[in-house]
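Engineer: Below is the structure, and that's it, no one-letter string:
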């Protein structure tokens with residue numbers, strides 16, 4: 001029975017990885033940068049969002065909604081953005097491209113939300129609420145996606161705010177490592193729970209954090225062929241690429257294996273930061 005549970009858990013993790021298609025692969029990105037009709041893309045996403053939103057049932061675990069936002073326009077934007085993200089993730093299989101495409105697809109129709117600081121903060125509150133409820137085991141269709149799934153959106157929109165609500169700024173400063181780690185984290189991951197606890201206004205995660213705070217914080221090795229279970233290692237024992245400062249590895253061996261895939265992104269990040277230091281206002285190389 002134990003072996004069966006472990007097998008099911010492993011299969012569940014693999015299914016999650018396959019369904020979300022969360023591989024950050026520069027060669028895949030290059031192959032999928034073909035043009036497509038953004039209006040048709042957003043229409044498809046909005047239809048998906050409408051169907052999904054009509055089925056959502058909120059049943060808060062302890063009566064607290066963790067700062068959930070109920071404004072109609074914010075909810076419309078959130079559902080459209082998430083659905084656009086899913087459509088593009090399924091189309092290209094590249095995490096960062098899915099976020100940036102969803103950003104581009106929703107910017108025109110929802111400009112009043114995307115470029116309003118107060119409203120973007122409400123979008124962050126929405127995702128924090130969903131992620132927190134997922135951690136607590138509450139049932140609604142949104143939370144069922146997993147806390148990490150929603151937490152990665154928090155990370156994305158926090159970068160949007162930090163970049164002054166400009167797309168080229170978010171693309172230049174986006175820390176894909178953190179987003180990816182959040183996206184694939186399980187609901188008992190210390191780093192995930194800590195990330196959420198520091199941001200929510202309620203104390204609903206205090207008990208959960210006490211349960212996991214003695215556990216080591218885990219990081220994700222960026223080598224897709226890493227031999228460690230789920231590619232995770234203690235964060236304190238990992239190291240970052242010294243050139244870009246973003247990609248983390250569990251060992252020098254994994255870094256060497258990943259270099260052929262990483263070098264394109266590494267150079268892009270490095271050159272972008274050099275331009276920023278020189279005060280140039282250049283667009284992100286991969287756009």
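Structural biologist: Cool, got the structure. Not measured: the values here are computed from a predicted model.
Engineer: Shouldn't residue 242 be within a helix?
Structural biologist: No. Judged by DSSP: H, G, I helix; E, B strand; the rest coil, residue 242 forms no part of a helix; its state is coil.
Engineer: quick one: it and residue 82, what's the gap?
Structural biologist: Computed as C-beta to C-beta, to the nearest Å, the residue 242 to residue 82 distance reads 35 Å. Just so you know, the C-beta spots here come from the backbone N, C-alpha and C atoms, and that holds for glycine as well.
Engineer: which regions of the stretch 1-150 of the chain sit below the pLDDT cut-off?
Structural biologist: Scanning the stretch 1-150 of the chain with the threshold set as pLDDT under 70 gives 1-59, 138-145.
Engineer: which residues of it fall in strands?
Structural biologist: Along the stretch 1-150 of the chain, no segments are classed as strands by DSSP state E, counting those that start in this stretch.
Engineer: average pLDDT across the helix or strand hosting residue 253?
Structural biologist: Assigned by DSSP states H and E, residue 253 belongs to helix 252-277. Mean per-residue pLDDT for helix 252-277: 83.
Engineer: So which bits of stretch 79-99 are buried?
Structural biologist: Residues 79-89, 91-99 are the ones in stretch 79-99 that count as buried (16 or more other C-beta atoms under 10 Å).
Engineer: correct me, but residue 196 touches residue 132?
Structural biologist: Yes. Using C-beta atoms under 8 Å, residue 196 is in contact with residue 132, at 5.6 Å.
Engineer: Overlap of the contact sets of those two?
Structural biologist: Between them, residue 196 and residue 132 share these contacting residues under C-beta atoms under 8 Å, 6 or more residues apart in numbering: 147, 205.
Engineer: higher neighbour count, the two?
Structural biologist: Neighbour count, other C-beta atoms under 10 Å: between residue 196 and residue 132, residue 132 has more, with 30 against 27.
Engineer: Distance check, the more buried one against residue 114.
Structural biologist: Look at residue 132 and residue 114: by C-beta to C-beta, they are 24 Å apart.
Engineer: Over to residue 87?
Structural biologist: 18 Å.
Engineer: try residue 69
Structural biologist: 15 Å.
Engineer: so where's the stretch 151-287 of the chain shaky on pLDDT?
Structural biologist: Looking at the stretch 151-287 of the chain by pLDDT under 70, you get 167-176, 276-287.
Engineer: quick one on the thing from earlier: sitting in helices, which of the buried residues of stretch 79-99 do you find?
Structural biologist: Within the buried residues of stretch 79-99, residues falling in helices by DSSP state H are 79-89, 91-92, 95-99.
Engineer: What residues does the closest residue to residue 201 other than its chain neighbours make contact with?
Structural biologist: Closest residue to residue 201 apart from its sequence neighbours, by C-beta to C-beta, 6 or more residues apart in numbering: residue 67 at 5.2 Å. Taking C-beta under 8 Å, 6+ apart, we find residue 67 in contact with 125, 128, 129, 200, 201, 202.
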